[in-house]
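Peer 1: dropping the sequence and predicted coords here.
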Amino acid sequence: MRFIHSFIAFILSCFNMHGVNNEVTMFNSLCNIADIISLEEHWLASFNMDKLISFHHEFVGYGWSAMEDKIQSGILTGRPFCGLGLLVRKSLNANISVVDIMYNRRCVAVKCSFESNYTLLLVIAYFQCFSKSALSECLGFVDKCANMYAYNDLVVMGDLNFECARNNPGFQLFDTLCADLRLKHANSICGNSVPYTYYQDASGNNSVIDHIFVSEKLLSNVVDYYADDSGINMSDHLPVVCTIKMKYGEFHTTCNSQRTCRSSFRRWDKANLNMYYNRTFELLQNVHIPPQLLVDKCNSFRCTHWACINDYYSCIVSALRRAMDETIPLLKQNTLKSFWSAELDKLKQASINAHNLWVLCDRPRQGIINKMRLDAKYKYKLAIKHASMNES
């Protein structure tokens, strides 16, 4: 959230990642742009969700895996699939509560409550390719959440898998719900050109299937809407970005607009663990068990050794903290990626340069310029994949 004179700029984004492991660089770039980010197809299982939840130190993260049944069924086969996520910038000071989750993780409803008693009901959606029954089920979920919970404004965003055309059967169903809930496409007033949000390089097929819909009364506050077409994007979808500018009195929340404060964390993977174990051994040898804890007994009604137990506990924690401070390096978030190298920096820049040249040449889909762009993109993508696999 950014203060601009008496207005507040509030930026939403939705992004079909096509796998979080492929999109580290683009995801990080998106965190520098948006305040609330909905994610589709992160492909993570629950035991790997920390990759999403803890991705960026300025955001609080939430993730929902669609692979629970698959994992519990036994031996894993096939590729990972689906999954929804949400990142909310901490400086918004918003109270986030998950109000409902669709059983197949195609939709999640989240309430964002701000200090001014303003509440945004956010529905993150990843609709299937058109199936009337499946889509109707998703729309029923959205309708239920919109009618059961109190809120000021409603936003539905994500990979909806249909184009907003009157002859599209998926949009026809969704448009009926929009009429009931008074939802409008966020680009209705801006009218910015969005040629595509999905592009398949191999076939050349493209479409606009990623969308952000907002409450009718919020529509007049939308000042920008675009698809972020970047050379560092490895997904076949583009992130959609929507800027909402509201008067300060309409939406008040205190936040720190400075982004220079970075949280730090311990890098155990960069530490000498043997040194840590030896140091804890030395320090814990000096922590003596209070004899009264071994011989004295409490009475029948209460413990009479609370103070002694707390002192003993504090001594153990103090010893472990001291050992950690002396042996485990403390680094700022995103100071380094364990697998990153100078070679990856070169490939990243080459991908960006090739993409920028392609844009200057009016985005040709044939010829040498397009081939240069695709070659640079796939070399960069493959190098990241190999580096991260070798590290793990």
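Peer 2: It's in.

Peer 1: after the longest strand belonging to the chain comes which helix or strand?
Peer 2: If you go by DSSP state E, the chain has its longest strand at strand 7-16. Counting by DSSP states H and E, the next helix or strand C-terminal to strand 7-16 is helix 24-31.

Peer 1: name the next helix or strand downstream of that next one, please.
Peer 2: Per DSSP H and E, helix 24-31 leads on to strand 36-40 as the next helix or strand towards the C-terminus.

Peer 1: that older thread, got the angle for the longest strand of the chain vs helix 24-31?
Peer 2: Taking axes from the mean of the first three to the mean of the last three CA atoms, to 10 degrees, one finds strand 7-16 and helix 24-31 inclined to each other by 160 degrees.

Peer 1: restricting to C-alpha, output strand 7-16 in PDB.
Peer 2: What follows is strand 7-16, C-alpha atoms only, in PDB (Å, rounded to 0.1, in the frame of the first residue of the first chain):
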ATOM      1  CA  PHE A   7      -4.800   8.900  -1.900                       C
ATOM      2  CA  ILE A   8      -3.600   5.300  -1.300                       C
ATOM      3  CA  ALA A   9      -2.500   3.100  -4.100                       C
ATOM      4  CA  PHE A  10      -3.300  -0.500  -3.400                       C
ATOM      5  CA  ILE A  11      -2.000  -3.200  -5.800                       C
ATOM      6  CA  LEU A  12      -3.500  -6.600  -6.500                       C
ATOM      7  CA  SER A  13      -2.000  -9.300  -8.600                       C
ATOM      8  CA  CYS A  14      -2.900 -12.900  -9.700                       C
ATOM      9  CA  PHE A  15      -0.400 -15.300 -11.200                       C
ATOM     10  CA  ASN A  16      -0.500 -18.900 -12.500                       C
END
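
Peer 1: run the chain-centre distance for that strand.
Peer 2: Its chain's average C-alpha position is 13 Å from that of strand 7-16, according to CA atoms, centre = their mean, to the nearest Å.

Peer 1: what angle separates that strand from strand 36-40?
Peer 2: Here the directions of strand 7-16 and strand 36-40 differ by 10 degrees (the same axes, to 10 degrees).

Peer 1: now do the domain split for this structure, please.
Peer 2: 2-247, 272-328 (automatic domain parsing).

Peer 1: mean neighbour count and distance to L382 added to these, as CSV?
Peer 2: Every residue, glycine included, has its C-beta placed from N, CA and C. What follows is those, written out as CSV (neighbours: other CB atoms under 10 Å; distance: least, CB to CB, whole Å):
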stretch, mean neighbour count, distance to L382
domain 2-247, 18, 10
domain 272-328, 12, 32
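
Peer 1: these into a markdown table, with extra columns for mean pLDDT?
Peer 2: Listed next are the domains of the chain as a markdown table, based on pLDDT from 0 to 100:
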| stretch | mean pLDDT |
| --- | --- |
| domain 2-247 | 88 |
| domain 272-328 | 84 |
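
Peer 1: of these, which is nearest D375?
Peer 2: Counting by CB to CB, D375 lies closest to domain 2-247 out of the domains of the chain; the figure is 11.1 Å.

Peer 1: and Y126, how far from Q349?
Peer 2: 32 Å (CB to CB, to the nearest Å).

Peer 1: please apply the same query to R321.
Peer 2: Taken as CB to CB, the span from R321 to Q349 is 41 Å.

Peer 1: let me see the ranges of the helices in the protein.
Peer 2: With DSSP state H as the criterion, the chain has helices at 24-31, 50-53, 68-72, 132-148, 169-181, 273-285, 291-295, 306-327, 342-360, 368-391.

Peer 1: which helices and strands does the fourth one pack with?
Peer 2: Going back to what we said before, that points to helix 132-148. Helices and strands touching helix 132-148, by 3 or more CB pairs under 8 Å, 6 or more residues apart in numbering; DSSP states H and E, are strand 95-101, strand 107-113, strand 119-126, helix 169-181.

Peer 1: so which of those is nearest T25?
Peer 2: T25 lies closest to strand 119-126 among the helices and strands packed on helix 132-148, at 22.3 Å (CB to CB).

Peer 1: adjacent strands (with direction) for that closest one?
Peer 2: Partner strands and pairing direction for strand 119-126 (DSSP bridges) are strand 107-113 (antiparallel), strand 153-159 (parallel).

Peer 1: reformat the ones you listed into a markdown table and put distance to L294 next to each item.
Peer 2: Compiled in a markdown table, the strands paired with strand 119-126 are given as follows (distance: least, CB to CB, whole Å):
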| stretch | distance to L294 |
| --- | --- |
| strand 107-113 | 50 |
| strand 153-159 | 60 |
